[in-house]
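model the structure of this input:
(chains A and B)
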Amino acid sequence: KQEVTQIPAALSVPEGENLVLNCSFTDSAIYNLQWFRQDPGKGLTSLLLIQSSQREQTSGRLNASLDKSSGRSTLYIAASQPGDSATYLCAVSNDYKLSFGAGTTVTVRA
Amino acid sequence: DTAVSQTPKYLVTQMGNDKSIKCEQNLGHDTMYWYKQDSKKFLKIMFSYNNKELIINETVPNRFSPKSPDKAHLNLHINSLELGDSAVYFCASSLGGSNQPQHFGDGTRLSIL
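You can find the predicted model right below:
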């Protein structure tokens, strides 16, 4: 059974600081890994998807890395802004389903 | 314009009632999912349908019955609602199987009184 862990559970930083969010998973036989953002009371917005054959993906200030053999992914957010405050979820894909971590709740202080 | 839409957004009802949540996607995807997010914000897969066929039923009680009339719709009917069913239910869709990104609806917040 796939288990996904996200560390830390919560993070508070001043505006402008870089963010580092960690995700680990127990079963390395994944198809891909997806990072999502969830705002309070809202749905999930897909940020980045890394296929199992890739090592990283970038979109604007966001960069996600994947080390499938060690079961780890890291999401970097450069030069954080108050608008980046949200919960970030990591999910890995096996067999027609996503297994989610519990999320990291980020607060960026102005 | 909404890619994956769920109705209703909020549902408040009494224990023991039967209710349905509807989901539609206009992305041309052939795989649809239902996830449950509990009070601790943990998201878990409930069902997965590919081309209207059930692929995954993740040990969900048989009070929950998904229905897929066509590839663009996956509705969730819940019988005899219990207090523990209170959660946010998310519908999602993807093109093909596990190597494609999933797109999520905004969720349906179900509260059982």
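
list the contacts of the lowest-mean-pLDDT helix or strand in chain A.
Sorting the helices and strands of chain A by mean pLDDT, DSSP states H and E puts strand A:97-100 at the bottom, at a mean of 90. Counting by Cβ atoms under 8 Å, 6 or more residues apart in numbering or on different chains, strand A:97-100 makes contact with A:2-4, A:25, A:34, A:89-92, B:33, B:35, B:42-45, B:48, B:56, B:58, B:92, B:98, B:102, all of which sit outside it. C-betas here are computed from N, CA, C, even on glycine.

redo that, cut-off 6 Å
Contacts of strand A:97-100 from elsewhere in the structure, counted by Cβ atoms under 6 Å, 6 or more residues apart in numbering or on different chains, are A:Q2, A:V4, A:L89, A:A91, A:V92, B:L43, B:I45, B:S48, B:I56.

just give the closest residue to the fourth one, not the sequence neighbours.
The one in question is A:A91. Setting aside the residues directly before and after it, A:A91 is nearest to A:L98 in space (Cβ to Cβ, 6 or more residues apart in numbering or on different chains), at 4.1 Å.

tell me, how many residues neighbour that neighbour?
Other residues within reach of A:L98 by the criterion other Cβ atoms under 10 Å in any protein chain shown amount to 31.

again, but for B:L11
Applying the criterion other Cβ under 10 Å, we find 19 residues in the vicinity of B:L11.

same deal with B:H77?
Residues within reach of B:H77, counting by other Cβ under 10 Å, total 14.

for it, what are its contacts?
Here B:H77 is in contact with B:S20, B:S65 (criterion: Cβ under 6 Å, 6+ apart).

in space, what's closest to B:D70 - neighbours in sequence excluded?
Counting by Cβ to Cβ, 6+ apart, B:K52 is the residue found nearest to B:D70 once chain neighbours are left out, at 6.7 Å.

I figured the one you found hits B:S68, correct?
Yes. Using Cβ atoms under 6 Å, B:K52 and B:S68 qualify as a contacting pair, with a distance of 4.4 Å.

between these two, which one's more packed in?
Using other Cβ under 10 Å as the criterion, B:K52 and B:S68 rank with B:S68 on top: 18 against 15.

does the more buried one touch B:L76 like I think?
No. With contacts defined as Cβ under 6 Å, B:S68 does not count as touching B:L76, sitting 10.3 Å away.

ok so, going back, looking at the contacts of strand A:97-100, which has the most residues close by?
Once you tally neighbours by other Cβ under 10 Å, A:V92 ends up highest among the contacts of strand A:97-100, having 31 neighbours.

so that residue sits right up against A:S24, yeah?
No. Counting by Cβ under 6 Å, A:V92 sits too far from A:S24 to count as a contact (9.9 Å).

what lies in contact with the lowest-mean-pLDDT helix or strand in chain B?
In chain B, no helix or strand scores lower on mean pLDDT, DSSP H and E than strand B:53-57, which sits at a mean of 84. In this structure, residues lying in contact with strand B:53-57 by Cβ under 6 Å, 6+ apart are A:Y96, A:K97, B:F47, B:S48.

okay, those in a markdown table with distance to B:D18 next?
As requested, the contacts of strand B:53-57 are arranged in a markdown table below (distance: Cβ to Cβ, whole Å):
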| residue | distance to B:D18 |
| --- | --- |
| A:Y96 | 28 |
| A:K97 | 26 |
| B:F47 | 18 |
| B:S48 | 23 |
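
many thanks, we can stop here.
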